[in-house]
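[1] kindly generate the corresponding structure for this input.
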Amino acid sequence: MLLANKVTLITGAASGIGAATAELFAQHGAKVVVADVNETGGEEVVHRIRAASGDAFFFQANVGEMTQVEAMVEATFRHYGDLNIVHSNAASYRVGTATEISEADWDRTQAACLKATWMIARSALPRMLAQGGGVFVITGSVHAIRGYAKHTAYQAAKGGLLALTRSLAADYAPTIRVNTILPGAVVTGLWAGIPESEREKIAQMCPLKRNGRPEEIAQVALFLASDMSSYMTGTALVVDGGLTEVIQ
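    You can find the predicted model right below:
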């Protein structure tokens with residue numbers, strides 16, 4: 001029970017890494033706000049948590065919109081009266097090079113993948129400071145540290161998250177700890193449309209010869225959210241099965 005009675009807000013929690021993290025945190029005693037634009041998926045996650053005797057509720061929000069982010073944070077405090085842990089995890093992107101991607105797709109990607117984390121921090125951190133502390137965990141990507149073709153907007157956003165992590169850690173220490181996870185090839189809803197042959201090709205690029213599971217990233221989120229990582233802030237943990245460290 002590493003997070004007993006800790007109030008946790010997780011975005012992008014209707015599926016993938018966010019859903020796995022929400023369920024794992026609940027298993028460790030956290031009260032979980034499942035936030036996502038996907039109401040059906042989010043309510044299903046809440047149902048699974050409650051069926052396992054956990055405490056959770058769903059809040060529908062597009063985290064690319066400031067008013068909805070503010071409403072999400074307000075709802076968290078209204079429902080639980082507290083907020084101890086934030087996991088900014090939502091993501092959305094369009095594939096394309098700098099000359100292929102449209103301005104609208106660029107802006108949408110930055111809003112969901114980068115601006116959202118700043119907006120959540122802007123809304124949540126003052127309250128967390130006032131109550132004496134907390135933890136802020138961000139889902140980044142190995143795209144922040146390695147180049148990958150046709151992912152210009154996504155890579156720019158994830159690189160920004162890495163810099164934002166350091167900035168938030170510097171500004172809000174020692175009261176708030178801020179760390180980022182850099183997942184590698186993890187099969188989530190963002191992989192929709194990728195054929196099995198391409199998924200296997202990606203898996204074979206990794207020294208562990210397989211793609212990651214959302215549950216494996218959730219375990220790292222639990223580590224960063226709990227006191228197990230009490231002497232860590234401003235850093236990024238690469239969780240990619242060796243993908244970025246070994247030339248194949």
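[2] which of the residues in stretch 100-112 are classified as buried?
    101, 105, 106, 108, 109, 110, 111, 112 (16 or more other C-beta atoms under 10 Å). In short, each C-beta sits where N, CA and C put it, glycine included.
[3] now intersect these with the helices, please.
    Counted as lying in helices by DSSP state H, out of those, are 105, 106, 108, 109, 110.
[4] excluding chain neighbours, what is closest to the second one?
    For residue 106, ignoring the flanking residues on the chain, the nearest one in space by C-beta to C-beta, 6 or more residues apart in numbering is residue 153 at 4.7 Å.
[5] let me see the contact set for the one you found.
    Taking C-beta atoms under 8 Å, 6 or more residues apart in numbering as the contact definition, residue 153 lies against 93, 94, 96, 101, 105, 106, 109, 110.
[6] could I get the buried residues of stretch 100-112 as a markdown table with pLDDT?
    What follows is these, written out as a markdown table (pLDDT from 0 to 100):
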| residue | pLDDT |
| --- | --- |
| 101 | 95 |
| 105 | 96 |
| 106 | 96 |
| 108 | 95 |
| 109 | 95 |
| 110 | 96 |
| 111 | 96 |
| 112 | 95 |
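[7] need those in TSV with distance to residue 127, can you?
    Compiled in TSV, the buried residues of stretch 100-112 are given as follows (distance: C-beta to C-beta, whole Å):
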residue	distance to residue 127
101	36
105	33
106	32
108	28
109	28
110	25
111	23
112	23
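[8] quick one: find the helix or strand in this protein with the lowest mean pLDDT.
    In the chain, the helix or strand scored least confidently by mean pLDDT, DSSP states H and E is helix 196-204, which has a mean of 89.
[9] put the alpha carbons of it into CSV.
    Output of helix 196-204 as CSV, limited to C-alpha atoms (Å, rounded to 0.1, in the frame of the first residue of the first chain):
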residue,chain,number,x,y,z
GLU,A,196,1.1,-6.5,-36.7
SER,A,197,4.1,-6.9,-39.1
GLU,A,198,5.2,-3.4,-38.3
ARG,A,199,4.7,-3.9,-34.6
GLU,A,200,7.0,-7.0,-34.8
LYS,A,201,9.6,-5.1,-36.7
ILE,A,202,9.7,-2.5,-34.0
ALA,A,203,9.9,-5.2,-31.3
GLN,A,204,12.9,-6.7,-33.0
